[in-house]
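A.B. asks: Based on what follows, work out the 3D shape:
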Amino acid sequence: MSAPEPTTVLQRRIVIAAALCVAAFALVGVRLIDVALFRGSGEIVRKAAPALVARADIVDRNGRLLARDLPVRDVYAHPRAFLDRAQAARDLARVTGADEARLARMFDGKRPYVLVARQISPDEQDKVMSLGLPGIEFPRAVKRFYPEGSAAAQVIGITNSDGKGQSGIERGLNGELYGGKPGEAVQLSLDMRVQYALAHELALSKQEFRAAAAGGIVIDVRTGEILAMASLPDFDPNARNFDSESGRNRMAQDKYELGSVFKLFTFAMAIEDHTTRMDDVFPVGSGFKLGRYTIHDAEHLPAFMTARDILAQSSNAGTAQIALRSGPDNQRAFLTRLGLLSPVHAEISEYAPPQFPSHWGEIETATIGFGHGIAVTPLSYVAAAAALVNGGRKITPTFLKH
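C.D. replies: Coordinates of the predicted model:
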């Protein structure tokens, strides 16, 4: 029997190299397990993700979809798995739009699990995966989408990245929308056909008069349902890139001295109080002197006019005299009954209290009679004006279909 051949130098080197490879792979495996699952103390790196809570759909009065949650993905990273954390921060910021400085700060090795970006699109997910970075996860999430874009954006509002309403209907009805079951929907009174027509006319008027902003409301005077409400400039809620001007619902949260349209209330009050008949004659042409003030009209008017013509020609001097026939107390009580001296609350979150004088004397009565010295929101005005044309029944404006 022959003696075994001695181990050659080459064979010893192969064995040593194999052992080193096994050890290296073992270390890498242990490292990956530590990074992916455990902290240094053995504690779980990441708490279990909270269950996804969807919001109910929002639709218009005809069932047209206005808002819906769609499935997306978040991006989380395990910085300890990166070979070059600074480069990983640059690459992830480039493809997701995240702030590079924030990622670089968070990728300091002290945090085992870092949120990179919320609610990314499938295209963005593909871009992240193409980077080939280890330690990247894509937990499920939902994102709110608005199929009609900027149409009625201030009314519908938006949600934040956690799915909570931040403005408009989304905030005002957050309790009804948050946690909605699949297939459930909140149906609004809006009619998107009317909404588009209103927005179109507002855009033309804004351009014609070179206005900084424009707004309008269409209301059903019988039910109080808001069929359309628009404010320009507007914004695209899907992009969430709006400022204090484009995101502002001027019809509900801004108050104005509305001027001549307020004269309708003065004439309605006079008729209800039986203080003025439409054929009563008033001196108008030379203005109306009240104390040390004289109320004039912008245009030259006849010396004397009937109440009917005062309304038709929108005379400030004549309307002031008609308001004074009812007097301060009656005027204040009448406007209170119409709801003009208190804020109007509807389902949206935006509203503004009216502004009116604390001292309500004869001068205040005269100026309020033709729409100055009192400021209300357009929504408050249309709700009050509805009572003048629906037979005298006060309505409450609503954004829900009835």
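
A.B. asks: which SS state does the nearest residue to Phe288 once chain neighbours are set aside fall under?
C.D. replies: Nearest residue to Phe288, sequence neighbours excluded (CB to CB, 6 or more residues apart in numbering): Ala317, at 3.9 Å. The C-beta positions use only the backbone N, C-alpha and C, and glycine is treated the same way. With DSSP: H, G, I helix; E, B strand; the rest coil as the basis, Ala317 sits in helix.

A.B. asks: For Ala317, grab the count of nearby residues.
C.D. replies: Neighbours of Ala317 under the rule other CB atoms under 10 Å: 24.

A.B. asks: for it, what are its contacts?
C.D. replies: Phe282, Val284, Gly287, Phe288, Ile295, His296, Asp297, Leu301 (CB atoms under 8 Å, 6 or more residues apart in numbering).

A.B. asks: I'd assumed Val284 was in contact with the last one.
C.D. replies: Yes. Using CB atoms under 8 Å, Leu301 is in contact with Val284, at 5.2 Å.

A.B. asks: Overlap in contacts, those two.
C.D. replies: Common contact partners of Leu301 and Val284 (CB under 8 Å, 6+ apart): Ser315, Ala317.

A.B. asks: So which of these two has more stuff around it?
C.D. replies: More neighbours surround Val284 than the other of Leu301 and Val284, with 25 against 21 (other CB under 10 Å).

A.B. asks: Tell me the spacing between the more buried one and Arg90.
C.D. replies: 75 Å (CB to CB, to the nearest Å).

A.B. asks: now swap in Glu257 and tell me
C.D. replies: Counting by CB to CB - Glu257 and Arg90 are separated by 54 Å.

A.B. asks: Low-confidence ranges, the stretch 51-200 of the chain, go.
C.D. replies: Flagging of the stretch 51-200 of the chain using pLDDT under 70 yields the residue ranges 51-53, 180, 182.

A.B. asks: all helices of it, in order?
C.D. replies: Remark: helices assigned in the stretch 51-200 of the chain by DSSP state H, counting those that start in this stretch are 85-96, 100-106, 122-130, 153-156, 168-172, 174-177, 192-208.

A.B. asks: Need those helices in CSV (columns: distance to Glu272 and mean neighbour count).
C.D. replies: Conversion of those to CSV gives the following (distance: least, CB to CB, whole Å; neighbours: other CB atoms under 10 Å):
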stretch, distance to Glu272, mean neighbour count
helix 85-96, 63, 18
helix 100-106, 63, 16
helix 122-130, 63, 14
helix 153-156, 33, 26
helix 168-172, 34, 25
helix 174-177, 39, 17
helix 192-208, 31, 15
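
A.B. asks: Which among the ones you listed is found nearest to Ile226?
C.D. replies: Of all the helices of the stretch 51-200 of the chain, helix 153-156 sits nearest to Ile226, with 7.8 Å by CB to CB.

A.B. asks: residues in contact with that closest one?
C.D. replies: Contacts of helix 153-156 (CB under 8 Å, 6+ apart): 58, 66-67, 146, 167-170, 190, 226, 229-231, 234-237, 242, 247-249, 348, 350, 399.

A.B. asks: of the contacts of Ala317, closest to Ala213?
C.D. replies: Looking across the contacts of Ala317 and measuring by CB to CB, the closest to Ala213 is Asp297, at 27.7 Å.

A.B. asks: Identify the residue nearest the geometric centre of the protein.
C.D. replies: Gly157 (2.9 Å; CA atoms, centre = their mean).

A.B. asks: Against Lys164, how distant is that residue?
C.D. replies: Taken as CB to CB, the spacing of Gly157 relative to Lys164 amounts to 11 Å.

A.B. asks: related to what we said a few turns ago, out of the contacts of helix 153-156, which end up buried?
C.D. replies: Buried subset of the contacts of helix 153-156 (neighbour count, 16 or more other CB atoms under 10 Å): 58, 66-67, 146, 167-170, 190, 226, 229-231, 234-235, 237, 242, 247-249, 348, 350, 399.

A.B. asks: As TSV, the helices of the stretch 51-200 of the chain with distance to Gly361 would be great.
C.D. replies: Shown next, in TSV, are the helices of the stretch 51-200 of the chain (distance: least, CB to CB, whole Å):
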stretch	distance to Gly361
helix 85-96	63
helix 100-106	59
helix 122-130	64
helix 153-156	38
helix 168-172	38
helix 174-177	44
helix 192-208	37
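
A.B. asks: Select, out of these, the one closest to Val142.
C.D. replies: Nearest to Val142, of all the helices of the stretch 51-200 of the chain, is helix 174-177, at 12.6 Å by CB to CB.

A.B. asks: and for whatever helix or strand Gly215 lives in, what are the contacting residues?
C.D. replies: In this structure, Gly215 is located in strand 214-219 according to DSSP states H and E. Strand 214-219 is contacted by residues 194, 198, 201-203, 205-206, 225-232, 250-251, 378-379, 382-383, 386, 397 when judged by CB under 8 Å, 6+ apart.

A.B. asks: One more pass at 6 Å, please.
C.D. replies: Strand 214-219 is contacted from outside by 194, 198, 202, 205-206, 226-232, 250-251, 378, 382, using CB atoms under 6 Å, 6 or more residues apart in numbering.

A.B. asks: swap in stretch 336-356?
C.D. replies: Applying CB under 6 Å, 6+ apart, the set of residues contacting stretch 336-356 is 168-169, 171-173, 249, 252-253, 255, 335, 374-377, 379-380, 383-384, 397, 399.

A.B. asks: what's the answer for stretch 92-109, then?
C.D. replies: Taking CB under 6 Å, 6+ apart as the rule, stretch 92-109 contacts Pro79, Arg85, Ala89, Arg90, Val114, Val116, Ala117, Glu124, Lys127, Val128.

A.B. asks: Now the two most distant members of those residues.
C.D. replies: Arg85 and Glu124 (20.7 Å).

A.B. asks: so what pLDDT did Arg240 get?
C.D. replies: With respect to pLDDT, Arg240 scores 76.
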